[in-house]
Structure formats: structure tokens, C-alpha cells
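Student: Give me coordinates for this.
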Amino acid sequence: MIVIETKNAPGAIGPYSQGFEINGVVYTSGQIPVDPANGWVPEGIAAQAEQSCKNVGAILEAAGTGFEKVFKTTCFLADMGDFAQFNEVYARYFVSKPARSCVAVKTLPKGVLCEIEAVAVK
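Tutor: Numbers count the residues shown, from 1 in each chain. A predicted model of the protein is given here:
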């Protein structure tokens, strides 16, 4: 098992890693829309989806892979009313159209509106 770690995505705020590679498969932890440069969270679902995607991308890049190699995602939304706007941003990044689960949850860390985790091959 190889731990994936990058300063280009938010550091873990608990006892977990940003990601792992196991036998050529990369698993990212869920990424919330925190800007790793300053710790800020942007306003609104579109900006938050964008930052969450960028954070996932940074972990994928650190692992030597990218969005085109993602085959599964799990997405969490604080409000399913944000689904359409979230999808608009998500579709620009996850070009491989991976298998996906998307669920509404009661709350997310730091009160954010979305979180994304991904599984990719190298």
C-alpha cells in the first residue's frame, strides 16, 4: 500500500490519509471544497463543486493518474436541490463518466455543500 499525499489538496483533518494506491488502483478520501492554499471555502454550490473537483484532481495527479482514469465516484450533497448545478461542474472534470453514487446527507464537515471521493486506475 502506498500513501498518497500532496500539499495541493487539503490535509487530512482527522486520522486518515488523502489517498492510497493499492495494486495500481488509487482511492481518494472524500474531498470537501477547502482551498489548500488558504483554508477558505468558497460560497455557493458551483464554486464548492469546482474546488472539490480540484482537490480530487490534485490527489489523482500526486498518484500519477487523472480524471480520465476514474471509474467510480461517490458524491455527497447537503441539499439535493443542488444536484443540477453540481452535475454541471462535475461533468467538466469527470470526463470518463465513471459509475457514481450521489446521496444527500444531513451535514458535511465545516458545513460545506458537497464532498467527492474517487477511485481510479493508474
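Student: max-length helix in the chain?
Tutor: Secondary structure assigned by DSSP state H gives helix 45-62 as the longest helix of the chain.
Student: What are the buried residues along that helix?
Tutor: 45, 48-60, 62 (16 or more other CB atoms under 10 Å). Glycine gets a C-beta too; all of them are placed from N, C-alpha and C.
Student: Residue 25: which of the residues you listed is nearest?
Tutor: residue 60 (11.9 Å; CB to CB).
Student: Now do the same contact list for that closest one.
Tutor: Contacts for residue 60 (CB atoms under 8 Å, 6 or more residues apart in numbering) come out as 26, 28, 66, 67, 69, 70, 118, 120.
Student: what helices or strands is the helix or strand hosting residue 71 leaning on?
Tutor: With secondary structure defined by DSSP states H and E, residue 71 is part of strand 70-77. Where contact means 3 or more CB pairs under 8 Å, 6 or more residues apart in numbering; DSSP states H and E, strand 70-77 is packed against helix 83-93, strand 99-104, strand 114-121.
Student: Direction included, what does it pair against?
Tutor: Looking at strand 70-77 with DSSP bridges, its partner strands are strand 99-104 (parallel), strand 114-121 (antiparallel).
Student: Out of those, which one sits most buried?
Tutor: Highest mean neighbour count among the strands paired with strand 70-77 (mean count of other CB atoms under 10 Å): strand 114-121, with a mean of 22.
Student: what's in contact with that strand?
Tutor: Contacts for strand 114-121 (CB under 8 Å, 6+ apart): 24-33, 45, 48-49, 52-53, 55-56, 60, 63, 65-67, 69-78, 82, 86, 90, 94, 98, 108-109.
Student: ok, now with 7 Å
Tutor: When contacts are defined by CB atoms under 7 Å, 6 or more residues apart in numbering, strand 114-121 is touched by residues 24-33, 45, 48-49, 52-53, 56, 60, 65, 69-77, 86, 108.
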